[in-house]
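Participant: sequence first, then the predicted structure:
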Amino acid sequence: MADKVIILRTGNSSASAGTGIDYAALLNPAQLEAVMHDEGPALVIAGAGSGKTRIIVYRVARLIEKGVPPQAILMLTFTRRAAQEMLGRVEQLVGERCRQVAGGTFHSFANVMLRRYGQAIGLSPNFTILDRGDMEDLINLLRAQMGLASSEHRFPKKSTLAEMISIARNKARTLEEEIALEYPHFIDQTEKIVRLASAYADYKRSRGLLDYDDLLYTLAELLHNNAEIRRRISALHRYIMVDEYQDTNPIQAELISLLADYHQNVMAVGDDGQSIYSFRGADFRNILEFPKRFPNARIIKVEENYRSLQGILDLANEILAGASRKYTKTLFAHRVGQFTPILVRAQDEPMQSRFVAQRILELREEGVELGEIAVLFRSSFHSFDLELELQRRNIPFVKRGGFKFIETAHIKDALAHLRVVANPADMVSWMRVLKLIPGIGDRKAHAIVETLSKANDAPQELKALAELMRSKSHKAADGLARLAALLSEIRSDRARPADQLAVVLQYYVPLMRDEYPDDYPKRERDLEHFHEIAQRYRSLEALLTDVALEPPSDSVGDVLATDSDDELLTLSTIHSAKGLEWKVVFIIWAAEGRFPPLQSIDPEQLEEERRLMYVAVTRARDELYIVYPIRMFDRVLGYTLGQASRFLEGISPQTLMTASLEEEST
């Protein structure tokens, strides 16, 4: 009997063979208007759940179908995953041609452009990207060198200094302005902080280092100062599409203008009602002022919602109607069905927690899976009492947050060994690598780093230093010799990153076990997971760039702690829940003083808090419960009478039902 023959398709869809896409049949009128837009600037105001991703996907497909070269399309997003998912969907429509579309995050695009054109402003193509931890370490090193760590007056910690420098840049403020506005308790240290920031900038420039913010600023500098390169890049990317435009900061908005200098063909897709990341530097004014930045811009509103029932959307519309500055829009449901959201008053926080837990168990009995339920809150600590109640009732949950995988000390240690191979001038990584060796502290590591900065061959210099130490019976001699041998072994250009990392781990794991005796098994699982990630890469530069720009988000130990088949309720801050949805949503602590918090007294901050409530409400598909306690504890005032959030004031009972909880009599 002959073997069965299976035909393996090459990946070209039927659409790519010329059958075409019936856009009018697949899109609603507003979506279709956006997708069919051709030349010139356009701003698409896509309300929550209205299918903004669908707009981007189909517009890219249509441009390719009409003959635009895929490489002429630039799609900018805030996460690599979003770009990959969208391009994957485009490929289903028009085939493999879409793989030539330039798509990715702002930072990854800037990285590519700077490595290609950066020499025009004196930037070497093999620059190293510093993540936040590296940035803090370098600031701390310079702080010590400048004698600021021993200042008589309290001086900011390295993490605070890094935040000051980064946020000032992202909000287009001077460092002096940032200190005065956000860190007034350090205003007497302003001159020293500014001096340290200047030294930090000089150090990076002289060593071929760029931090995360530098990628955008350096590209903007390049485009501003070199008209020919600006024209070349703009002419190459003739159609620019920007996802989540409401989340852009001033420099990102400026970059988009510079990139569109040659043609003005920009389509920005976003929702002003979901601009909630000002603490990261996002500027709400960018989306409001898009028509000023791009005169004659076409504004398209997409208001049909495919996620929520109309009752939930009615509440969202009323909340946003109170905003002082907005693009007026009214969400309406595509789905049929009705549910009126309920505002639930509890006597105190324990009763709030008992209600949520009880209703979750009832929903479970009604057939709603725990994975389809979420409890959202303004601040992480708002869920502590609820977590205890859930544990008492054996309701399994996952809380969104915690350290990122790449921020763990053991992963950063392993990465540092690879970074010094890729860029021997990366003195931040050298400090980290050297301090792992028993017998080498800050002072000795700094002295070795100074020697290495003048060496042509770092491993050979290390080997010579080890021999010198051995002659003086220094206890670090053997460790330094082992490090020299390790680096000599892994610096081959032909070696794959996974093979290089495997050698590093053989050297590093014994050191790690001594450093973290309590939990080294969990850390070893993380390192094994990192080695699996490295298997996907062919070049060390690509691996190091990706972990700096788009790091994995979870420690494998946390993933393995729970059976993947278990149902898990989601607890999440609202900021972490943006972009997600659940069948049933609870919003807890929806009380004045907690949501918005007492410190939100600035009008712009209050407006963002309103948008945060809108985001929370629009995460729900079928049912929505908003809960707050009447009896609230304040550390200064003691127990006070709680009131519902101001964002829920004046909403009619037809839109938001109210209910009070009572304990069942025994």
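Facilitator: Right, received. Where do you want to start?
Participant: low pLDDT regions in the chain?
Facilitator: Scanning the chain for pLDDT under 70 picks out 1-19, 150-153, 401-406, 493, 517-519, 550-566, 600, 633-638, 665-666.
Participant: pull the contacting residues for residue 85.
Facilitator: residue 53 (C-beta atoms under 8 Å, 6 or more residues apart in numbering). Any C-beta I mention is one placed from the backbone N, CA and C, and that applies to glycine too.
Participant: what segments of the stretch 351-500 of the chain are strands?
Facilitator: Ranges of strands within the stretch 351-500 of the chain are 373-377, 397-399, based on DSSP state E, counting those that start in this stretch.
Participant: next one: the stretch 101-250 of the chain
Facilitator: Using DSSP E, counting those that start in this stretch, the strands of the stretch 101-250 of the chain run over 102-105, 128-130, 209-211, 239-242.
Participant: would you format the ones you listed as CSV with distance to residue 595 and mean neighbour count included?
Facilitator: Converted to CSV, the strands of the stretch 101-250 of the chain look like this (distance: least, C-beta to C-beta, whole Å; neighbours: other C-beta atoms under 10 Å):
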stretch, distance to residue 595, mean neighbour count
strand 102-105, 31, 22
strand 128-130, 36, 23
strand 209-211, 34, 23
strand 239-242, 30, 24
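Participant: ok, now which ones touch residue 335?
Facilitator: Contact analysis of residue 335 by C-beta under 8 Å, 6+ apart lists 306, 307, 308, 309, 310.
Participant: can you check residue 133 too?
Facilitator: Residue 133 neighbours (C-beta under 8 Å, 6+ apart): 407, 412.
Participant: any idea how far it is from residue 449?
Facilitator: Using C-beta to C-beta, to the nearest Å, residue 133 is found at 17 Å from residue 449.
Participant: and for residue 298?
Facilitator: When distance is defined by C-beta to C-beta, residue 298 is 55 Å away from residue 449.
Participant: can I get the strands of the stretch 101-250 of the chain in TSV with distance to residue 24?
Facilitator: Shown next, in TSV, are these (distance: least, C-beta to C-beta, whole Å):
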stretch	distance to residue 24
strand 102-105	26
strand 128-130	45
strand 209-211	46
strand 239-242	21
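Participant: what's the neighbour count on the closest residue to residue 484 other than its chain neighbours?
Facilitator: Counting by C-beta to C-beta, 6 or more residues apart in numbering, residue 484 lies nearest to residue 462, which is 3.7 Å off, once chain neighbours are set aside. As a burial measure, residue 462 scores 26 neighbours (other C-beta atoms under 10 Å).
Participant: how near is the residue lying closest to residue 175 once chain neighbours are set aside to residue 255?
Facilitator: If the residues on either side of it in the chain are set aside, residue 175 comes closest to residue 168, at 4.9 Å by C-beta to C-beta, 6+ apart. Going from residue 168 to residue 255 by C-beta to C-beta gives 18 Å.
Participant: in terms of secondary structure, what does the longest strand anywhere in the chain contact?
Facilitator: For the chain, the strand with the greatest residue count under DSSP state E is strand 620-629. Helices and strands touching strand 620-629, by 3 or more C-beta pairs under 8 Å, 6 or more residues apart in numbering; DSSP states H and E, are helix 310-321, strand 342-346, helix 349-365, strand 582-587.
Participant: list the buried residues for it?
Facilitator: Across strand 620-629, burial judged by 16 or more other C-beta atoms under 10 Å covers 620, 621, 622, 623, 624, 625, 626, 627, 628, 629.
Participant: surely the residue nearest to residue 484 meets residue 452?
Facilitator: Yes - Residue 462 lies in contact with residue 452 (C-beta atoms under 8 Å); the separation is 7.5 Å.
Participant: the residue nearest to residue 175: neighbour count?
Facilitator: Per other C-beta under 10 Å, the neighbour tally for residue 168 reads 21.
Participant: for the residue lying closest to residue 221 once chain neighbours are set aside, give me its contacts.
Facilitator: Once flanking residues are discounted, residue 221 sits nearest to residue 121: 6.3 Å by C-beta to C-beta, 6+ apart. Contact partners of residue 121, counting by C-beta under 8 Å, 6+ apart, are 218, 221, 222, 225, 226.
Participant: of those, which is the most crowded?
Facilitator: Ranked by the number of neighbours (other C-beta under 10 Å), the contacts of residue 121 place residue 222 first, at 21 neighbours.
Participant: where along the stretch 201-350 of the chain do the helices fall?
Facilitator: Along the stretch 201-350 of the chain, counting by DSSP state H, counting those that start in this stretch, helices occupy 212-225, 227-236, 250-259, 285-288, 290-293, 310-321, 349-365.
Participant: quick one, which of these is nearest to residue 609?
Facilitator: Set against residue 609 and scored by C-beta to C-beta, the helices of the stretch 201-350 of the chain come closest in helix 310-321, at 10.7 Å.
Participant: and the contacts of residue 121, which is closest to residue 595?
Facilitator: residue 218 (39.1 Å).
Participant: my guess is the closest one meets residue 110, correct?
Facilitator: Yes - when contacts are counted by C-beta under 8 Å, residue 218 is listed as touching residue 110 (7.4 Å).
Participant: tell me where the stretch 551-666 of the chain has helices.
Facilitator: Ranges of helices within the stretch 551-666 of the chain are 556-560, 574-577, 603-617, based on DSSP H, counting those that start in this stretch.
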